[in-house]
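A.B. asks: mind folding the following:
(one chain, ligands or ions: 1)
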Amino acid sequence: MNKEKQRGLSTTAIHAGYHCDPLTGALATPIYQTSTFVFSSTEEGARRFAGEEAGYIYSRLGNPTVTVLEEKMAALEKAEAGLAFASGMAAVSAILLALVKTGDHILGTKGLYGCTYGLLNLLQDRFQVSYSLCDMTDEASIRQMLQPTTRVIYVETPINPTMELVDLQLVAKIAREIGAAVVVDNTFMSPYLQRPIEHGADIVIHSATKFIGGHGDVIAGVAVGPKAIMDSIRLTTQKDIGGILAPFDAYLLIRGLKTLGVRMDRHCENGMQVARFLHSHPKVAAVYYPGLPDFPQYDLACRQMDGFGGLLAFELKGGMEAGIRMMNNVHLCKRAVSLGDVDSLIQHPASMTHSVVPAEERAKMGITDGLVRLSVGIEDIADILEDLDTALSFA
Ligand code: PLP
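C.D. replies: Numbers count the residues shown, from 1 in each chain. This next block holds a predicted model:
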């Protein structure tokens, strides 16, 4: 575990981006619930529009509450700048649309989040941006799938929901050789457990709906990366498509981030205990959790991540039928998609998050019909284990 890199992240999550409001001394970030900003003179307005003077113009172009969140996320991910969006998918689409044009090719990890897969299909069908999905666990298969027009290598690691990992340093090395950008969806880990830019990635995306907010009460997205790229996206695919974050939602995320460190520590502790419990349960055929020493990429997990997180997937010996019976008998764990909340959430990828992916593609991604995904929350571990144990007796 790379403990050294973890030092200071909780402090950053609490303090970065905001200094007490000098007018009022407000400790909590004020919610600037305003659509527009008044200029002190026509000349001042003109200077702001010309980019000659810093300052707010209109909340689709920037808002002081949202700025605090953007700076916090950039500091946590060790990036130069950040942008906040109305959803994780607004972030994914604004970034991809800014990086590619007709004729380009995107190489993505097999097993991408279902709506990201949907977006790649839309880009291909409507805008002739082609894509391929590839098993990024070994170098040869990545190199084999590259095309002269590959502009973006798009990575999820761990991959949802199989938990397979991608070696970020390897991908960054290959991308540099061909001049492609590496975009990493870091939703599953949060910057507390994994910072892809430290491993050579260019842009990091989050569905901030998940661990960043942490409480299941907001839909949001964030992207961080080099300032020049973020500045240009702010003025193009963010401004003109308009998937911006509301100030109140930014406030909820700033509030959520203040407890990121303690929440993630507890997600990791609980995740490990649930993984061990399932691993030794007679009705469970397989558990996919990077923290189990028999996980095929355990060494990579230790090298690349500062903790193993709260996400895991498992298969029951009785297949899909057993999975359905088990899921119908949980009480504490909630049958719901999404992840990274303080509440434990359980879902069935083949019929839920990945139902838009054709069955044969799902099979290639390793998403069997019997796979169940669990986002382990921060409840008392004894209660989570008791709930799972009871539900498994129905499997
Ligand atoms: N990326 C991953 C890995 C996700 O799991 C999700 C949503 O579940 C998204 C992106 C999309 O995020 P949002 O639902 O905030 O648009």
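
A.B. asks: touching the ligand at all, stretch 223-231?
C.D. replies: No: using C-beta under 6 Å from any ligand atom, stretch 223-231 never reaches the ligand; the gap is at least 11.3 Å. C-beta coordinates here come from the backbone N, C-alpha and C atoms, glycine included.

A.B. asks: check which residues of stretch 111-126 are buried.
C.D. replies: Going by neighbour count (16 or more other C-beta atoms under 10 Å), the buried part of stretch 111-126 is Gly111, Leu112, Tyr113, Gly114, Cys115, Thr116, Tyr117, Leu119, Leu120, Leu123.

A.B. asks: what does that stretch contact?
C.D. replies: Stretch 111-126 is contacted from outside by 89, 92-93, 96-97, 100, 106, 108, 129-131, 133, 154, 156, 159-162, 164, 185, 187, 207, 353-357, 365-367, using C-beta atoms under 8 Å, 6 or more residues apart in numbering.

A.B. asks: could I get the average pLDDT for it?
C.D. replies: On average, the pLDDT along stretch 111-126 is 94.

A.B. asks: distance from it to the middle of the chain?
C.D. replies: On the basis of C-alpha atoms, centre = their mean, to the nearest Å, the separation between the geometric centre of stretch 111-126 and that of its chain is 16 Å.

A.B. asks: going through the contacts of stretch 111-126, which ones are buried?
C.D. replies: Neighbour-count burial (16+ other C-beta under 10 Å) applied to the contacts of stretch 111-126 gives 89, 92-93, 96-97, 100, 106, 108, 129-131, 133, 154, 156, 159-162, 164, 185, 187, 207, 353-354, 357, 365-367.

A.B. asks: if we can go back for a sec, from the contacts of stretch 111-126, which ones fall inside helices?
C.D. replies: Secondary structure assignment by DSSP state H places Met89, Val92, Ser93, Leu96, Leu97, Met365 of the contacts of stretch 111-126 in helices.

A.B. asks: turn these into CSV, including distance to the ligand.
C.D. replies: Shown next, in CSV, are the ones in helices among the contacts of stretch 111-126 (distance: C-beta to the nearest ligand atom, whole Å):
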residue, distance to the ligand
Met89, 4
Val92, 6
Ser93, 9
Leu96, 12
Leu97, 15
Met365, 13
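
A.B. asks: of the residues you listed, closest to Ala336?
C.D. replies: Checking these against Ala336 with C-beta to C-beta, the nearest one is Met89 at 18.0 Å.

A.B. asks: thought Cys20 was touching Thr29?
C.D. replies: No: the pair Cys20 and Thr29 fails to qualify as a contact (C-beta atoms under 8 Å) at a distance of 9.7 Å.

A.B. asks: element containing the closest residue in space to Val262 that isn't next to it in sequence, please.
C.D. replies: Take Val262 and drop its neighbours on the chain: the residue closest to it by C-beta to C-beta, 6 or more residues apart in numbering is Ser10, 7.4 Å away. Taking DSSP states H and E as the criterion, Ser10 maps to helix 9-15.

A.B. asks: list the buried residues for the next helix or strand along the chain from that helix?
C.D. replies: With elements assigned by DSSP H and E, the helix or strand that comes after helix 9-15 is helix 42-49. Residues Gly45, Arg48 are the ones in helix 42-49 that count as buried (16+ other C-beta under 10 Å).

A.B. asks: buried set for stretch 23-34?
C.D. replies: Under 16+ other C-beta under 10 Å, the buried positions of stretch 23-34 are Thr29, Ile31, Tyr32.

A.B. asks: could the residues you listed go into CSV alongside pLDDT and distance to the ligand?
C.D. replies: Formatted as CSV, those follow (pLDDT from 0 to 100; distance: C-beta to the nearest ligand atom, whole Å):
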residue, pLDDT, distance to the ligand
Thr29, 97, 21
Ile31, 98, 21
Tyr32, 98, 23
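
A.B. asks: return the member of those nearest to Asp249.
C.D. replies: Out of these, the member with the shortest distance to Asp249 (by C-beta to C-beta) is Ile31, at 9.7 Å.
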